[in-house]
Structure formats: structure tokens, C-alpha cells
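Q: What would the 3D arrangement of this be:
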Amino acid sequence: MAWASWTTTGVFAGRGGVRTEEAGIVTGDLTVHTTWDGREADVTVQYSGTSQWFTLTGSPVSCPTEQESRTLHQEVVEAVRAGGGTTVLSTTETYH
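A: Predicted structure coming up:
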């Protein structure tokens, strides 16, 4: 079974932050992590330097290939920087 993951540290969330399932809106210096299991991608964020991860609202999302999940990760990183209450769903509207 295919599997891959990507982590980007030091991502400062733009105004309005990102929306998570567990903590609501998260702002500040974040780490973005995407795990792909061969079928879908799970996207989580954490405050940089901490151990607790929060699921980005809309995650997991269908991703049939490793390349698509890598592209999704980068687009989420860019959306987190933009802020505005980012969710995976708002990111994938332009992605897919």
C-alpha cells in the first residue's frame, strides 16, 4: 500500500487563521502536516513547537495519487499563509 507524508514548519497563518475541527480558528506560527494513504490525504496543523495536532476542517480529502497529495499539501500551506479561516474544502475548490 502506498503511503507518504509532508511537513512544513514555520507557516505563519494570515489574518483570520485556519479552521480546525478540535480548536476552531487557529492562528500564529503553525506547522502543516499532510499524510497520504494511497486514497486520501489527511491535513493537520499544530502550533509550531508543540505536540498537539488539529485536523483542518474538511480533512480528509480524496487524493488518488501521491503527486496530487503533494500538490494539495503545498496549496494548503499557501492558503494557511493567506488566512481567512482556511479549510481543506476552500483549498480544494481551486485545486480540483
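Q: List of residues touching stretch 50-62?
A: With Cβ atoms under 8 Å, 6 or more residues apart in numbering as the test, stretch 50-62 has contacts from 18-23, 26, 33, 39-46, 72, 76, 86-92. All C-beta atoms are positioned from the backbone trio N, CA, C, and that covers glycine.
Q: Would you agree residue 80 falls within a strand?
A: No - applying DSSP: H, G, I helix; E, B strand; the rest coil, one finds residue 80 to be helix, outside a strand.
Q: quick one, what contacts it?
A: Taking Cβ under 8 Å, 6+ apart, we find residue 80 in contact with 11, 13, 14, 18, 30, 32, 45, 86.
Q: Show only the entries of those residues found in strands.
A: 11, 18, 30, 32, 45 (DSSP state E).
Q: list the buried ones in stretch 37-46?
A: Going by neighbour count (16 or more other Cβ atoms under 10 Å), the buried part of stretch 37-46 is 41, 42, 43, 44, 45, 46.
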